[in-house]
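*Asks:* Got a predicted model here, sequence first, then my questions.
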Amino acid sequence: MSSGTLKIEWAGQYMPVLAAIRKQFVKERPFEGMTIGMALHVEAKTANLVSTLAAGGAEVHITGCNPLSTQDDVAEALGKVKNVNCYAKRSCTVDEYYAAINDVLDAKPVITIDDGMDLIHYIHTKRRDLLKKVIGGCEETTTGIHRLKAMAAEGKLEFPVVAVNDTPMKHFFDNVHGTGESVLSSIMITTNTLIAGKYFVVAGYGYCGRGLARKAHGLGAKVIVTEIDPRRALEAHMDGFMVMTMEDAAVIGDIFVTTTGNCAVIAKKHFAKLKDGAILANAGHFNVEIDLEYLHKNAAKIIRRDGIETFVLGKKSVHVLAEGRLVNLATPKGMGHPIEVMDLSFALQALCTLHIAKNGKKMKGGVYDVPNEIDEQVANLKLASLGLSIDSLSKEQKKYSCSWDIGT
Ligand SMILES: NC(=O)c1ccc[n+]([C@@H]2O[C@H](COP(=O)([O-])OP(=O)(O)OC[C@H]3O[C@@H](n4cnc5c(N)ncnc54)[C@H](O)[C@@H]3O)[C@@H](O)[C@H]2O)c1
Ligand SMILES: N[C@@H](CCSC[C@H]1O[C@@H](n2cnc3c(=O)[nH]cnc32)[C@H](O)[C@@H]1O)C(=O)O
């Protein structure tokens, strides 16, 4: 068996929820005759989602959603699965990246699955010929949904898209635990430096930032949080973390990770204050959270190691991991989120794709929540796979929880 196939098989054994959905798809073939276009991180867990959709009758065309996150051996193995075409390649140029997006769209998908909204952006700008054909899409991540909502607010989103990220079974597990664990493991394996005792700066205390802060604290780091939202800053304070501005954190931080979805979070005014040897990484969005343009223009020298670029600024050096792209996926050894977490996210993707296949034609252009039944179904399947049982409401409790007339 090829290394890619072995990786796909390895991941598959820890994805019981997706496996249960796959059984249903094999029986019902709900995507028969449909073409699905995907732009996701092409690695072993994603491959299991792709083969699940193909097992449900779909013809799948997939490429990456980040120039550095594809695992080439998995891409090759995936391309050999029946009814699957894969165009992803690791370390591709931006032009090659968009050429592959175009290849996916040449297949004329009726459903899109995005992570960051690149397919949908391309369809609405350069491939408007496809708009009539698409019945709907699914979006995996926070920033993709921000972009979609901005499009919808301007009345420019022309088909329905399910916001797969915005539901408890995604953000409580993928964003919190997945990002927390995979970012730390990727930083550790890339730099071989210690986390314990370090000043570890987390920019953004959203779902990803919370998970990362908690897990870095668990490893013995002294965690500093920077925020722009007063409520989230207070939450971080009461969770026991130091809260300060990035300008103040820049002076003391050893390791910095951005998780904001915003741009220029670490920029010129901060670089000037960083300590010699500071390590900078991004776990948020694309490669805009750290101002790389400034570093490239102003560094006297750049030293390149596997997954690390060292920028020499005057007498000090600062190290940027994974070219400022998602550190958990874009470093050479970054494996992305743990398998069990992606099992939940991709179970949601599979069921939301089914929802669009069944209902997309009746839905107007816009961003839609994940139906609550789908979120609950994924939670129940996961509990069943763990052999865990929970209580259910008695008749009396149901009645009580809906009543208003029983007081002290
Ligand atoms: N690395 C991964 O695998 C992974 C996983 C899930 C999500 N993401 C991405 O991570 C980003 C964050 O996702 P989330 O679900 O935590 O979003 P979120 O909206 O819950 O959190 C983002 C936080 O960043 C804060 N913020 C915004 N601008 C800031 C700034 N300049 N300085 C400090 N804080 C700022 C916001 O107030 C908010 O609290 C998104 O871009 C998302 O797409 C990455
Ligand atoms: N595509 C953009 C947007 C952020 S990706 C963030 C998403 O990646 C997803 N993700 C994290 N780890 C993995 C993985 O190992 N496989 C597939 N997707 C993953 C996760 O669900 C999260 O919402 C970029 O590359 O910058």
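*Replies:* Alright, I've got the coordinates. Ligands and ions are numbered 1, 2, ... in the order given.
*Asks:* where do the helices sit along the stretch 201-350 of the chain?
*Replies:* Listed from the start of the chain, the stretch 201-350 of the chain has helices (DSSP state H, counting those that start in this stretch) covering 207-218, 230-238, 246-252, 268-271, 292-298, 327-330, 339-359.
*Asks:* For the last one, buried residues please.
*Replies:* Residues of helix 339-359 classed as buried by neighbour count (16 or more other Cβ atoms under 10 Å): 339-357. (Glycine included, C-beta is placed from N, CA and C.)
*Asks:* where in the stretch 201-350 of the chain is pLDDT low?
*Replies:* When the per-residue scores of the stretch 201-350 of the chain are filtered using pLDDT under 70, no range remains.
*Asks:* who in it is up against ligand 2?
*Replies:* Residues of the stretch 201-350 of the chain lying close to ligand 2 by Cβ under 6 Å from any ligand atom are His285, Phe286, Leu326, Leu329, Gly336, His337, Met342, Ser345.
*Asks:* Apply 8 Å and report the result again.
*Replies:* Of all the residues in the stretch 201-350 of the chain, those in contact range of ligand 2 (Cβ under 8 Å from any ligand atom) are 284-287, 325-326, 328-330, 335-337, 341-342, 345-346.
*Asks:* Then the stretch 51-200 of the chain?
*Replies:* 65-66, 69, 115-116, 118, 140-144, 165, 170, 174-175, 178-179, 182.
*Asks:* And the residue of this structure that's closest to ligand 2?
*Replies:* Of all residues in the chain, Gly336 sits closest to ligand 2, with a separation of 2.0 Å (Cβ to the nearest ligand atom).
*Asks:* how much space between Pro160 and Gly137?
*Replies:* From Pro160 over to Gly137 the distance is 8 Å, taken as Cβ to Cβ, to the nearest Å.
*Asks:* Farthest pair within the residues of the stretch 201-350 of the chain next to ligand 2?
*Replies:* Of all pairs drawn from those, the greatest distance, 24.7 Å, lies between Asn287 and Phe346 (Cβ to Cβ).
*Asks:* what sits against the nearest residue to Thr5 once chain neighbours are set aside?
*Replies:* Counting by Cβ to Cβ, 6 or more residues apart in numbering, Ala77 is the residue found nearest to Thr5 once chain neighbours are left out, at 4.5 Å. Counting by Cβ atoms under 8 Å, 6 or more residues apart in numbering, Ala77 makes contact with Ser2, Gly4, Thr5, Lys7, Ile8, Ala47.
*Asks:* ok, of those, which come out buried?
*Replies:* For the contacts of Ala77, a neighbour count by 16+ other Cβ under 10 Å gives the buried set as Gly4, Thr5, Lys7, Ile8, Ala47.
*Asks:* tell me, which of those make contact with ligand 2?
*Replies:* Filtering those for neighbours of ligand 2 using Cβ under 8 Å from any ligand atom leaves an empty set.
*Asks:* how does the protein divide up, domain by domain?
*Replies:* Following the assignment in automatic domain parsing, the chain carries domains at 3-170+338-386, 177-330.
*Asks:* Nearest to ligand 1, out of those domains?
*Replies:* Across the domains of the chain, ligand 1 has its closest neighbour in domain 177-330 (1.7 Å, Cβ to the nearest ligand atom).
*Asks:* neighbours around the residue nearest to Ile356 when sequence neighbours are not counted, how many?
*Replies:* In space, and not counting its chain neighbours, Ile356 is closest to Gly136: 3.8 Å by Cβ to Cβ, 6+ apart. For Gly136, the neighbour count with other Cβ atoms under 10 Å is 23.
*Asks:* Please apply the same query to the one 10 residues further on.
*Replies:* Using other Cβ under 10 Å, His146 is surrounded by 17 other residues.
*Asks:* now swap in the one 3 residues further on and tell me
*Replies:* Applying the criterion other Cβ under 10 Å, we find 16 residues in the vicinity of Lys149.
*Asks:* ok, now the one 4 residues further on?
*Replies:* If you count neighbours by other Cβ under 10 Å, Ala153 ends up with 10.
*Asks:* Can you give me the neighbour number for Ala152?
*Replies:* The burial count assigned to Ala152 is 16, neighbours taken as other Cβ under 10 Å.
*Asks:* cool, and Lys126?
*Replies:* Using other Cβ under 10 Å as the criterion, Lys126 is surrounded by 13 other residues.
*Asks:* hmm, back to that, where does the residue nearest to Thr5 sit: helix, strand or coil?
*Replies:* When the structure is reduced to helix, strand and coil (DSSP: H, G, I helix; E, B strand; the rest coil), Ala77 reads as helix.
*Asks:* Could you find the closest non-adjacent residue to Val225?
*Replies:* Here the residue nearest Val225, using Cβ to Cβ, 6+ apart, is Ala236, at 3.9 Å.
*Asks:* The one you found - how many residues pack around it?
*Replies:* 23.
*Asks:* bridging residues for the closest residue to Phe256 other than its chain neighbours?
*Replies:* Taking Cβ to Cβ, 6+ apart as the measure, Phe256 lies nearest to Val201, with 4.4 Å between them; neighbours along the chain are not counted. Note on Val201: beta-bridge partners Ile224, Phe256, judged by DSSP bridges.
*Asks:* Pull the contacting residues for the most centrally placed residue in the chain.
*Replies:* With the centre of the chain defined as its mean C-alpha position, the nearest residue by Cα atoms, centre = their mean is Thr141, 5.1 Å away. Thr141 makes contacts with Asp115, Gly116, Asn165, His285, as judged by Cβ under 8 Å, 6+ apart.
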